[in-house]
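1. Would you be able to build a 3D model of this:
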Amino acid sequence: MSYVFRAEGIGKRFGDRQILTAASFWGEAGKIVTLMGRNGSGKTTLLRIAAGLLRADHGVVIFGDYASERPDTATMARRGLFFVPQEQMLAHGFTVREHIRALETTYGERGSGRADEVVERLALGPILDQTRAEISGGERMRSSLALAILRRPSCLLIDEPLARVAPKDQETLLAALRALADQGTAIVTSGHDVRQLLELSDSNIWCVAGTTHHLGTPREAAEHSQFVREYLGPRGAGW
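-> Numbering: from 1, shown residues only. Alright, predicted model coming up:
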């Protein structure tokens, strides 16, 4: 496997609640790995630790030749990691167009035409002059993914991209994620929208009881007896 990113043996407690005990996941170049699990299973906590936004009680994060028990967000970003949280990336008071122009200026993309391509791919034309407050959750997530793509990440962590998103927006997001993976980016996503995520993923990891289980391909996940029994249920097994 061509690992771009790894988080190994991650543990995290909030007060008297143990969220993670020994959880691990990884990102592979050109692949989409999905963390699946119920709400509260630790998926978001795991991603935020991996991105350097939360400090783990134990464990290590490895990104290229950078390894740390306490990863630094700025260092990870400079090395090519981009994290899109569930609450998305847009700042209040700025239009989608202003966000895109700021990123173009920062990374020298102004006039390259890449922004136009990304705007078209994610169907952002009608909302370019609207602010976060004026657009839907799905439109905010599409805009956030556009910013990630413009950043040219070698690894993208994106938390619950399909949560509370309309089916049409889901289709656009899934297609854009697959296109980004096809260009070589390692993508790690999360969620519990079983059918859509299994169809998207190359590999699946189940977050449960504070740890993680590698399920393998979508077909292997659907044939994993414990995963089917405890998570998918009999109706979900025939996805």
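2. Strands of this protein, start to end?
-> 3-14, 17-28, 32-36, 58-63, 66-68, 81-84, 155-158, 186-191, 203-208, 211-216 (DSSP state E).
3. can you put these in a markdown table and add mean neighbour count, distance to Leu103 and mean pLDDT?
-> For every residue, glycine as well, the C-beta is placed using N, CA and C. Formatted as a markdown table, the strands of the chain follow (neighbours: other CB atoms under 10 Å; distance: least, CB to CB, whole Å; pLDDT from 0 to 100):
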| stretch | mean neighbour count | distance to Leu103 | mean pLDDT |
| --- | --- | --- | --- |
| strand 3-14 | 19 | 22 | 96 |
| strand 17-28 | 20 | 22 | 97 |
| strand 32-36 | 25 | 23 | 97 |
| strand 58-63 | 19 | 21 | 97 |
| strand 66-68 | 13 | 23 | 94 |
| strand 81-84 | 24 | 11 | 97 |
| strand 155-158 | 26 | 15 | 98 |
| strand 186-191 | 25 | 19 | 96 |
| strand 203-208 | 22 | 29 | 96 |
| strand 211-216 | 19 | 33 | 96 |
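4. Out of these, the one nearest Arg140 is which?
-> Arg140 sits nearest to strand 81-84 of all the strands of the chain, at 10.3 Å, using CB to CB.
5. Out of the helices and strands in this structure, which is least certain?
-> Using mean pLDDT, DSSP states H and E, helix 233-236 stands out as the lowest-scoring helix or strand of the chain, at a mean of 64.
6. chain center to the longest helix seen in the chain, what's the gap?
-> Ranked by number of residues, the top helix in the chain under DSSP state H is helix 167-182. Relative to the centre of its chain, helix 167-182 is centred 12 Å away, using CA atoms, centre = their mean, to the nearest Å.
7. what does stretch 161-175 give?
-> With CA atoms, centre = their mean, you get 13 Å for stretch 161-175.
8. And for stretch 100-109?
-> Per CA atoms, centre = their mean, the displacement of stretch 100-109 from the mean C-alpha position of its chain is 22 Å.
9. Quick one: mean pLDDT over that stretch.
-> Over the span of stretch 100-109, the pLDDT mean works out to 80.
10. Now do the same contact list for the spatially most central residue of the chain.
-> The centre of the chain sits closest to Ile158, judged by CA atoms, centre = their mean, with a distance of 1.6 Å. Counting by CB atoms under 8 Å, 6 or more residues apart in numbering, Ile158 touches 83-84, 145, 148, 177, 187-190.
11. Nearest spatial neighbour of Glu230, chain-adjacent residues omitted?
-> Closest residue in space to Glu230, ignoring its immediate chain neighbours: Val208 at 7.2 Å, by CB to CB, 6 or more residues apart in numbering.
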